[in-house]
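**Student:** okay, here's the prediction I keep looking at, along with the sequence it came from:
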Amino acid sequence: MMVTMRPRVRPAGGEFRATLRRSLHLFNEFRYEQPDPARFYTALAEDSAAQVASYTELDGRLVLDVGGGPGYFRRAFQARGARYLALDADAGELAGAGEIEEGTVLGSGMELPFRDGCIDVCYSSNVLEHVPDPWRMADEMLRVVRPGGLVFLSYTVWFGPWGGHETAPWHYLGGMRARRRYRRRHGHEPKNRFGESLFPVTVRDGLAWARRQRLVDGVDVVDLAPRYHPRWARWVLRVPVLREVVTWNLVIVLRRR
């Protein structure tokens with residue numbers, strides 16, 4: 001599938017730039033996910049809010065974060081004036097940074113407990129690969145967005161270097177084999193258990209879903225991009241096989257007319 005996109009980006013604040021310097025900064029922060037998660041997730045949340053704000057105004061808008069987890073993303077979006085709701089299927093994740101804050105909802109991303117067209121921005125980061133029916137969740141995110149609203153969906157690509165999460169790079173030999181190896185080496189299951197809380201989602205899957213949305217009346221595909229790459233590296237999405245390995249994380253941005 002060939003993908004040629006010229007994203008219709010409307011900067012809101014103008015500070016987000018997909019530069020090589022930004023990419024290097026984020027990849028450096030990834031090293032701290034395990035030893036210092038607050039540092040890692042704060043950096044990722046601030047970058048994410050800036051990236052979303054490059055597509056739409058956030059001040060006064062209602063943002064639903066599907067799989068929001070602890071409050072790092074809440075603080076980043078609220079700093080830009082957004083009204084923020086977080087949804088997670090795991091109460092432990094919601095309380096990971098302390099008490100569960102107001103505006104949090106316990107529920108499934110595959111059955112969002114919100115009516116049609118009530119959300120300004122529906123956002124999800126690195127959650128899609130953790131649900132057994134990922135494109136049902138993507139459809140749900142689109143359902144709850146109002147006309148003029150935005151869907152920002154990103155996920156970790158299975159065949160990328162981090163596709164197996166803490167079992168990487170052994171996931172290249174198979175998800176179950178990587179899971180068993182982790183259990184033997186560490187004496188316990190990984191947090192992200194292949195087949196239960198981790199599933200293979202590819203770039204091809206995401207591009208196919210985005211292509212289907214182009215056939216839906218009233219939906220625009222605004223952008224498709226490797227999330228952490230500099231802007232000039234977008235060409236990788238046009239190369240089958242290569243894109244699965246080097247994309248790392250795919251961003252899909254949709255807007256309802």
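**Tutor:** Ah, there it is.

**Student:** which secondary element of this protein has the worst mean pLDDT?
**Tutor:** helix 91-94 (a mean of 58; mean pLDDT, DSSP states H and E).

**Student:** quick check: mean pLDDT across whichever strand in the chain runs longest?
**Tutor:** Ranked by residue count under DSSP state E, the longest strand found in the chain is strand 145-156. This predicted structure assigns strand 145-156 an average pLDDT of 97.

**Student:** that one: partners in the sheet, and parallel or antiparallel?
**Tutor:** strand 119-125 (parallel), strand 249-256 (antiparallel) (DSSP bridges).

**Student:** how about whichever helix or strand comes after it: buried residues?
**Tutor:** Scanning the chain past strand 145-156 towards its C-terminal end, the next helix or strand to appear is helix 175-186 (assignment: DSSP states H and E). Buried residues in helix 175-186, counted by 16 or more other Cβ atoms under 10 Å: 175, 178, 179, 181, 182. Backbone N, C-alpha and C define where each C-beta goes, glycine included.

**Student:** could you export those residues as JSON lines, including pLDDT and distance to residue 117?
**Tutor:** Formatted as JSON lines, the entries for the buried residues of helix 175-186 read as follows, by pLDDT from 0 to 100; distance: Cβ to Cβ, whole Å:
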{"residue": "175", "pLDDT": "97", "distance to residue 117": "37"}
{"residue": "178", "pLDDT": "98", "distance to residue 117": "41"}
{"residue": "179", "pLDDT": "98", "distance to residue 117": "40"}
{"residue": "181", "pLDDT": "97", "distance to residue 117": "46"}
{"residue": "182", "pLDDT": "97", "distance to residue 117": "42"}
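
**Student:** closest one of the residues you listed to residue 204?
**Tutor:** Of all the buried residues of helix 175-186, the one sitting nearest residue 204 is residue 175; the distance, using Cβ to Cβ, is 17.1 Å.

**Student:** residue 164 contacts residue 173, doesn't it?
**Tutor:** No: with the criterion set as Cβ atoms under 8 Å, residue 164 and residue 173 do not qualify as a contacting pair; they are 9.5 Å apart.

**Student:** who touches both of the two?
**Tutor:** Taking Cβ atoms under 8 Å, 6 or more residues apart in numbering as the contact definition, residue 164 and residue 173 share no neighbouring residue.

**Student:** more crowded one of these two?
**Tutor:** Set side by side, residue 164 and residue 173 give different neighbour counts by other Cβ atoms under 10 Å, the larger being at residue 164 (26 against 12).

**Student:** distance to residue 50 added to the buried residues of helix 175-186, as a markdown table?
**Tutor:** What follows is the buried residues of helix 175-186, written out as a markdown table (distance: Cβ to Cβ, whole Å):
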| residue | distance to residue 50 |
| --- | --- |
| 175 | 33 |
| 178 | 33 |
| 179 | 35 |
| 181 | 38 |
| 182 | 34 |
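
**Student:** rewinding a little: mind saving the C-alpha coords of the longest strand of the chain as PDB?
**Tutor:** In PDB, the C-alpha atoms belonging to strand 145-156 read as follows (Å, rounded to 0.1, in the frame of the first residue of the first chain):
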ATOM      1  CA  VAL A 145     -15.700  12.400  18.700                       C
ATOM      2  CA  ARG A 146     -17.900  15.300  17.800                       C
ATOM      3  CA  PRO A 147     -18.000  17.000  14.300                       C
ATOM      4  CA  GLY A 148     -14.900  19.000  14.100                       C
ATOM      5  CA  GLY A 149     -13.200  16.900  16.700                       C
ATOM      6  CA  LEU A 150      -9.900  15.000  16.400                       C
ATOM      7  CA  VAL A 151      -8.700  11.400  17.000                       C
ATOM      8  CA  PHE A 152      -5.000  11.000  17.800                       C
ATOM      9  CA  LEU A 153      -4.100   7.400  18.000                       C
ATOM     10  CA  SER A 154      -0.500   6.000  18.300                       C
ATOM     11  CA  TYR A 155       0.800   2.500  19.100                       C
ATOM     12  CA  THR A 156       3.900   0.500  19.300                       C
END
